[in-house]
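> predicted model, plus sequence, below.
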2 protein chains.
Amino acid sequence: MSSSAVVHRAPVRKVAVFGGTHGNELAGIYLVKHWQAHGAEIQRPGVEVKPFLCNPRAVEKCTRYIDCDLNRVFDLGSLGTVVEDTPYEVRRAQEINRIFGPKGSDDAFDLIFDLHNTTSNMGCTLILENSRDDFAIQMSHYIKSYVFLLCILSMSYGMLLLIISLLCETGVEVGPQPQGVIRADILEKMRKIVKHGLDFVQLFNEGQEFPPCTIEAYKIMEKVDYPRNKNDEVIAIIHPKLQDQDWQPLNKGDPLFLTLDGEVIEYKGDSTFYPAFINEAAYYEKKHAFVKTVKVKLTAELLRSEIRTFKSC
Amino acid sequence: MSSSAVVHRAPVRKVAVFGGTHGNELAGIYLVKHWQAHGAEIQRPGVEVKPFLCNPRAVEKCTRYIDCDLNRVFDLGSLGTVVEDTPYEVRRAQEINRIFGPKGSDDAFDLIFDLHNTTSNMGCTLILENSRDDFAIQMSHYIKSYVFLLCILSMSYGMLLLIISLLCETGVEVGPQPQGVIRADILEKMRKIVKHGLDFVQLFNEGQEFPPCTIEAYKIMEKVDYPRNKNDEVIAIIHPKLQDQDWQPLNKGDPLFLTLDGEVIEYKGDSTFYPAFINEAAYYEKKHAFVKTVKVKLTAELLRSEIRTFKSC
């Protein structure tokens, strides 16, 4: 191996754990409320860990959002001035940006775990926004040694994660869980991801070296909509052979959709892809029946915190 | 056997198939929309079969209801006069009652299938409102010979079924399916129930005799709420050993709930019961974590339509 690069990063001092970015994804909401009352579990020496409910009005109504999707308004345009009819979630995004950011400021949080659920059979998934973030890749690699975990490399949509965080953005997505339901098994998986993520932060801060590593991830290439009629109504549903088969290879000729007349719509492309977010409830309105991903490898250099570097000077 | 009773009923002339009583339970909605465009599948000789979308505004928003639960306002009080601030669903209930009822009128529909989904792992369930309705029991017995099916005897809540129908009220409940999601496997099961229900109607109308029968059913005895704090927030979730165990016997000492501190809350009663609607998303606000049922036997007399009786006169 020719590389002997070492990445130094400042220790992580401020971590946020977000639940309720979507008000009907209950695992993060239950965990955040619990940790707001009983925080010992998520505290780590020398780190401020702040559990936070992002969209309390949507949580109260057990709905994804009130006016618009909070997780799509963290773009710089939306974070500008408030006018009278500014949607609730846009105002909330500005508030969150003030509390946890703004990006680049001295007070900004270093790391955010944003806790989500999906109705898709995706298991435990970390959503990364940057394929070259050594810290995020090292943390994912660490968590993967404790929890069976997939990593997905997302396209950005003006998501919360992208704007605020200085050091690392990590979406935590666990499913399958219906909207408005809390399942103990799903909650436990999410809890473990956060625990091991925070353990990693602690080890990093204490000066542990993390040797170069590679993780397998899935890169989102394209979003595929349902077949629709002129009125924009869905006219073919996820084929039963595709349902629940997130991350399984899909090849030419494999069934994608089924009409109510029994017509099967097949995948016609030549290249293999790995579907995810299959039949996610919240994505009907966004016109995604599933996303197409391809496998990629993400590599990280040796990582250590600046503390250790200073000590060795 | 001492009984030789024969129940004669008038032939079934008007059948309604309702979808979208709850706007986020998609299987019935997809089927009804399909049948409105392509009705041959549900037509039977000599019978008017009308597919109908009950709550179109809730369907459009993919939400259970707009102002209040349509399936709880079919009581005679709600069906009275309209005032300016009458909730949308109450006005809609009055409209439905006018179109398909009113109960006792010559024009009223004879039979309604009201199609629902649940997030609970209940499989295919028929909800009956009357333990002594020979027609409903015979029809359930018939459908059970084609589809693995459970019957549940419900307490009434001013449900749609109770008020309108003259002859028979049948709720069709299929799960598990998340709200806002359509699964092909769940849709197919629901479709089979309706098909065999309509086949039964046809055979009955044609004069087939259905010999006395007995079916096993589950009678709802009690609704059990989640443990809550003073602010009415849920503080313990369905225990993983209870999750998805609808219809399985629950005995003293079996776990019911789990707090986020790890405390297990057990069933303390002496008698065995059979839980259903475990962790149904829509029942958090209704304060039901599950319902307790007991097994009962429902028996029906020999059934034949009046046509045959007339012929043999």
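Received it, and whenever you're ready, just let me know what you need.
> just the C-alpha atoms of the longest helix along chain A, please, in CSV.
When chain A is parsed with DSSP state H, its longest helix is helix A:184-205. In CSV, the C-alpha atoms belonging to helix A:184-205 read as follows (Å, rounded to 0.1, in the frame of the first residue of the first chain):
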residue,chain,number,x,y,z
ALA,A,184,-39.6,-2.4,19.9
ASP,A,185,-37.3,-4.3,17.5
ILE,A,186,-36.8,-1.2,15.3
LEU,A,187,-36.3,1.1,18.3
GLU,A,188,-33.6,-1.2,19.7
LYS,A,189,-31.7,-1.3,16.4
MET,A,190,-31.7,2.5,16.2
ARG,A,191,-30.6,2.8,19.8
LYS,A,192,-27.6,0.6,19.1
ILE,A,193,-26.5,2.6,16.1
VAL,A,194,-26.6,5.8,18.2
LYS,A,195,-24.8,4.1,21.1
HIS,A,196,-21.9,2.8,18.9
GLY,A,197,-21.8,6.1,17.0
LEU,A,198,-21.2,7.9,20.3
ASP,A,199,-18.7,5.3,21.4
PHE,A,200,-16.8,6.0,18.3
VAL,A,201,-16.8,9.7,19.0
GLN,A,202,-15.5,9.0,22.5
LEU,A,203,-12.7,6.7,21.3
PHE,A,204,-11.8,9.3,18.6
ASN,A,205,-11.7,12.1,21.2
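> who are the packing partners of the next helix or strand after that helix?
Past helix A:184-205, heading to the C-terminal end, the next element that is a helix or strand (DSSP states H and E) is strand A:213-224. With contacts defined as 3 or more Cβ pairs under 8 Å, 6 or more residues apart in numbering or on different chains; DSSP states H and E, the secondary structure elements packing on strand A:213-224 are helix A:134-144, strand A:149-153, strand A:274-276, strand A:290-300. (C-beta placed from N, C-alpha, C; glycine too.)
> what helices or strands is the last one leaning on?
In terms of contact count using 3+ Cβ pairs under 8 Å, 6+ apart, strand A:290-300 is assigned the packing partners helix A:134-144, strand A:149-153, strand A:213-224, strand A:274-276.
> select, out of those, the one closest to B:Asp261.
With Cβ to Cβ, the closest approach to B:Asp261 among the helices and strands packed on strand A:290-300 belongs to helix A:134-144: 23.6 Å.
> give me the average confidence score over that closest one.
Averaging pLDDT along helix A:134-144 yields 94.
> which regions of chain A sit below the pLDDT cut-off?
Low-confidence segments of chain A (pLDDT under 70): A:1-4, A:76-82, A:103-104, A:155-169, A:307-313.
> rewinding a little: and of the helices and strands packed on strand A:290-300, who's closest to A:Met122?
With Cβ to Cβ, the closest approach to A:Met122 among these belongs to strand A:274-276: 5.8 Å.
> up against chain B, what does chain A have?
Contacts of chain A with chain B, taken as Cβ under 8 Å from any Cβ of the partner chain, map to A:30-31, A:33-34, A:38, A:62-63, A:119, A:176-185, A:187-188, A:233-234, A:237-240, A:243, A:258, A:260-261, A:279-282, A:284-285.
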